[in-house]
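Asks: Turn this into a model:
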Amino acid sequence: MKNLCKNLLLLSLLALMPLTSCQGNTSSSTSSTLPGSSVSSSSSLSEETGITLTEYRLTLYIGDTYTLTPTLHGLSGSVTYLSKNTAICSVDAGGVISALSLGTTIVKISLGDWSALCQVSVIAKSNDGASALTLSLSDSDITLYQGESYVLAPTLRKDGATLEGSYSYASSDETFLSISSSGVMTPLKEGKVTITVIGAYEKESAFALCEVSILEAKTSLVEAYADREVVVGTPLALSYCLQKGNVITPVAAGIVTYVSSDTSIGKTRAGKLNGIQKGTITLTATALVDGTSYTCVTNFRIRESYTVNFVVDGATVYSEKVLDGDAPKYGESRLLLATSSNAGTLVREPLAAWLKAISP
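Replies: All right, here's what the predicted structure looks like:
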C-alpha cells in the first residue's frame, strides 16, 4: 500500500507537469513540430524513502537520446529501467533512452518495491524549409465523470490544408483513464491525467496535449425547472431529477416532500410553489429513491404583480402589468404619447404623475 501511494504521487506529478521547450514554446491545444527535443522538469521532491526524477515527461525526435537521472531517497543499490514499448523507445542499463519510432510510451525506473515513471513521446522532424505540421484537438481541457466515454478528435494541418494522417494516443496513467487507438477515453477513477496525441503525415509528425479531470459520478437531486422567481397568484410547478454524472433520471412528483423556510412568504401544495407575499424563501426538497434519501436546496424570490394605469387628461391611455421592483416598460417610450391625439400637457411631467392607480 505504501508503494502504491508513492506511485500515485509520482503519477499525479506527471499529469500536472507543464511541457517546456528548449528552443521554442508549445501550446496544449495546438502544437507544431519542435526545433529541438523538449523535456519537462521539476525540483527534486523531499521524500523519506523513494525514487524521484528531474524529468517526468520527455518529447524526443526519432534518433535522439536522453539520459534519465533518478534520485534515491533512503534507498541504496542500482535501479533498473524498463520501456513499456521498446518499438517506440529503448532504454539501457545506464538510463539512456533512444527514440526509435513515432508514439508515446512509459519508462519505469525501479529499485526493489519502489518505482518512478517517465512518459516518453517520440515525434519526427519537419522537412527542411517546409511549413511546420500542426496538430489541434477538439478539446485541450476536459472534465469527465467515471463511467462515461469521450472521443478525442485530432486534426492535422499544413499550409492551411487539413490532412488525413495517422494518430497514436497515450494516457499518463491508465489506472485513472484509458484511451483506445481510435481516441475513445474511458475514465476509471477520480483524478487527473494528461493525454498525449501524436499525429503523423508522410515523414512528419506533431503532437498535442489534453488535460483530463475525472470526477466521481455521485448521485444528486437536481431541479428540472429554470425559474427561481414566483409571482403571487401564479404557482410554479416543481419537478426534480436524479443526476449521476451526465445521466439524468426524472423523479416522480409524488415522492418529493418540501419544507419552506417561511410559509408566510411561499409554501407548496400538490407539487407547486405558491407565492403568498413578496420576499425570499429557501425551499428544501427531499426524495426517497430505492431506500436512499436525496436533498436539493433552492432559493426563491417571491414577487407581486401590479397594474399600472397611464392617465392623460383624465383618460387611461395605457395599462401595464409590472412586477414589484421593475419600471414600467412604457415609461421609456412615453414621448410617443406626446404626438398622439389624446396626449396632454401631463406627458411632460415626471413619470410619477402618470400613475393614477397601483393595485396588487
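
Asks: End to end on stretch 89-99, go ahead and measure it.
Replies: 5 Å (CA to CA, to the nearest Å).

Asks: buried residues in that stretch?
Replies: Judged by neighbour count using 16 or more other CB atoms under 10 Å, the buried positions of stretch 89-99 are 89-91, 95, 97-99. Quick note: C-beta positions are derived from backbone N, CA and C, even for glycine.

Asks: contacts for it?
Replies: 58, 60-70, 79-83, 88, 100, 105, 107, 109, 120, 122 (CB atoms under 8 Å, 6 or more residues apart in numbering).

Asks: Only the buried subset of those, as a ChimeraX command please.
Replies: To isolate the buried ones among the contacts of stretch 89-99 in ChimeraX, judged by 16+ other CB under 10 Å, type:
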select :58,60,61,62,64,66,68,70,79,81,83,88,100,105,107,109,120,122
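
Asks: give me the beta-bridge partners of the most centrally placed residue in the chain?
Replies: Nearest to the mean C-alpha position of the chain, by CA atoms, centre = their mean, lies Thr143 at 4.0 Å. Beta-bridge pairing of Thr143 under DSSP bridges involves Ser213.

Asks: Tell me the spacing between it and Thr54.
Replies: Computed as CB to CB, to the nearest Å, the Thr143 to Thr54 distance reads 30 Å.

Asks: hang on, Tyr81 packs against Leu68?
Replies: Yes: with contact defined as CB atoms under 8 Å, Tyr81 reaches Leu68; the gap is 7.1 Å.

Asks: shared neighbours of those two, which are they?
Replies: 91, 95, 107, 109.

Asks: From Thr67, how far off is the first one?
Replies: Going back to what we said before, that points to Val91. Relative to Thr67, and taking CB to CB, Val91 is found at 10 Å.

Asks: In which helix or strand does Thr196 reside?
Replies: Assigned by DSSP states H and E, Thr196 falls within strand 191-201.

Asks: on that earlier part again, quick one: which of the buried residues of stretch 89-99 is nearest Thr186?
Replies: Cys89 (25.3 Å; CB to CB).

Asks: any idea how far that closest one is from Leu75?
Replies: Counting by CB to CB, the gap from Cys89 to Leu75 is 25 Å.

Asks: just Ser239 next, same as before
Replies: From Ser239 to Leu75 the distance is 60 Å (CB to CB).

Asks: Kindly report the same for Asn246.
Replies: The spacing between Asn246 and Leu75, counted by CB to CB, is 44 Å.

Asks: So between these two, which is more surrounded?
Replies: Between Asn246 and Leu75, Leu75 has the larger neighbour count (other CB atoms under 10 Å), namely 16 against 10.

Asks: List the contacts of that one.
Replies: Residues in contact with Leu75, defined by CB under 8 Å, 6+ apart, are 49-51, 111-112, 114.

Asks: Reformat the shared contacts of Tyr81 and Leu68 as CSV; add pLDDT and distance to Asp173.
Replies: As requested, these are exported to CSV (pLDDT from 0 to 100; distance: CB to CB, whole Å):
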residue, pLDDT, distance to Asp173
Val91, 95, 19
Gly95, 94, 21
Val107, 93, 14
Ile109, 93, 16
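
Asks: of the contacts of Leu75, buried ones?
Replies: Buried members of these, scored by 16+ other CB under 10 Å, are 50-51, 111, 114.

Asks: For Ala253, grab phi and psi.
Replies: Note on Ala253: its backbone torsions stand at phi -60, psi -30 [degrees, to the nearest 10].

Asks: Could you report the separation of the closest residue to it other than its chain neighbours from Glu229?
Replies: The spatially closest residue to Ala253, leaving aside those adjacent along the chain, is Gly271, at 4.4 Å (CB to CB, 6 or more residues apart in numbering). Going from Gly271 to Glu229 by CB to CB gives 18 Å.
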